[in-house]
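[1] how does the following fold in three dimensions:
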Amino acid sequence: MAGSVRTPGESTAGTAAAPAPLAPRARLLPSLAAVYRAQLSRARVARIPLLFVATFQSVGIMILMRGVVDGGDEARAVVAGSSVLVVAFVALNLLAQYFGQLRAGGGLDHYATLPVPPAAVVLGTAAAYASFTAPGTAVTAVAGSVLFDLPLTHLWVLAAVIPLAGAALAGLGGALGLLAPRQELATLLGQLGMSAALLLGVLPADRLPGPVAYARDLLPSTYGVEALARTFDAHPDWAAVGLDLAVCAAVGVFSLAVATWAYRRAAVR
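    Below you'll find the predicted structure:
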């Protein structure tokens, strides 16, 4: 009817409906928690045998070193380095392999379709791999303390060493895996990183040649090793321990930021 008035609720034929608004992007913390739970569940199933290997490897290294190291600063270095080596095996080596495999197999495309921030993927995965190392690191530290007659009093500092060293090494492992152009190269870089943690972390610093000692200072796990080794003293220098942990935390923030950038770079390709 010519003079009729259309009510607001009526639909008009031929008029396109307005597009529905997109769902808001997920916030960082809930996304991080979801990725962390998913990755921890996956790691618990697939990585437990490898955790036993990492722990057995570190304990075996301490038994071998017991024949050439009697005690003192060298024993502290061996126990601390072997304990953090468990973190390096999982958080650096295995995470580099995982991200390399994820990139080669197109798994990054799946994450790119999810409404989660890139930082949540990197941080959640790194946190899962780092926390997965806690049992093996604790077992290695206790076994080494008993083997070398070191005090167990201050092993509670592992509650700080494991997450901080784990964050630094997981960030490095994630960056290596995401920046490597091929999966095989990511595996190789992860293995080399773990070998560096073994040679530069377990061997006493005063036994290393000068140029190699400088390279030791560039390894993220070194500061976690130093912090743990200092706590085996009868009266630890807690200021020095705190400084080592602070440096480890700063390196962890930097390495995770680099891994996040590498994830964005790999996801858009």
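[2] in this structure, spot the helix with the most residues.
    Looking only at the chain and at elements set by DSSP state H, the helix with the highest residue count is helix 238-267.
[3] in stretch 250-262, what counts as buried?
    Using 16 or more other C-beta atoms under 10 Å as the test for burial, stretch 250-262 gives 251, 252, 255, 256, 258, 259, 260, 261, 262. Where C-beta positions appear, they are placed from N, C-alpha and C, glycine not excepted.
[4] want to throw the residues you listed into TSV with pLDDT?
    Listed next are those as TSV, based on pLDDT from 0 to 100:
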residue	pLDDT
251	91
252	90
255	91
256	90
258	92
259	90
260	89
261	91
262	89
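[5] may I see those organised as TSV, with distance to residue 216 added?
    Listed next are the buried residues of stretch 250-262 as TSV, based on distance: C-beta to C-beta, whole Å:
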residue	distance to residue 216
251	13
252	18
255	17
256	22
258	20
259	22
260	26
261	26
262	24
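[6] just give me the closest of those residues to residue 134.
    residue 252 (15.9 Å; C-beta to C-beta).
[7] isn't the closest one up against residue 224?
    No - contact criterion C-beta atoms under 8 Å: residue 252 and residue 224 do not qualify, at 9.5 Å.
[8] what sits in contact with each of these two?
    164, 165, 168 (C-beta atoms under 8 Å, 6 or more residues apart in numbering).
[9] just name the closest of the residues you listed to residue 185, please.
    Using C-beta to C-beta, these come closest to residue 185 at residue 168, 21.7 Å.
[10] please, which helix or strand holds that closest one?
    Per DSSP states H and E: residue 168 is located in helix 158-179.
[11] distance from the chain centre to that helix, please.
    Remark: helix 158-179 is offset 3 Å from the chain centroid, using C-alpha atoms, centre = their mean, to the nearest Å.
[12] name the helices or strands packed onto that helix?
    helix 72-87, helix 95-104, helix 118-131, helix 134-147, helix 183-202, helix 221-230, helix 238-267 (3 or more C-beta pairs under 8 Å, 6 or more residues apart in numbering; DSSP states H and E).
[13] distance to residue 37 added to the ones you listed, as JSON lines?
    JSON lines is the format used below for the helices and strands packed on helix 158-179 (distance: least, C-beta to C-beta, whole Å):
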{"stretch": "helix 72-87", "distance to residue 37": "21"}
{"stretch": "helix 95-104", "distance to residue 37": "16"}
{"stretch": "helix 118-131", "distance to residue 37": "8"}
{"stretch": "helix 134-147", "distance to residue 37": "16"}
{"stretch": "helix 183-202", "distance to residue 37": "24"}
{"stretch": "helix 221-230", "distance to residue 37": "25"}
{"stretch": "helix 238-267", "distance to residue 37": "19"}
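[14] most packed of those helices?
    Comparing the helices and strands packed on helix 158-179 by mean neighbour count (mean count of other C-beta atoms under 10 Å), helix 221-230 comes out on top with a mean of 28.
[15] any low-confidence regions in the stretch 151-269 of the chain?
    The stretch 151-269 of the chain contains residues with pLDDT under 70 at 268-269.
[16] likewise the stretch 1-150 of the chain?
    Within the stretch 1-150 of the chain, the set of residues satisfying pLDDT under 70 comprises 1-26, 43-47.
[17] if I look at residue 110, how far off is residue 221?
    Remark: distance between residue 110 and residue 221 (C-beta to C-beta, to the nearest Å) = 31 Å.
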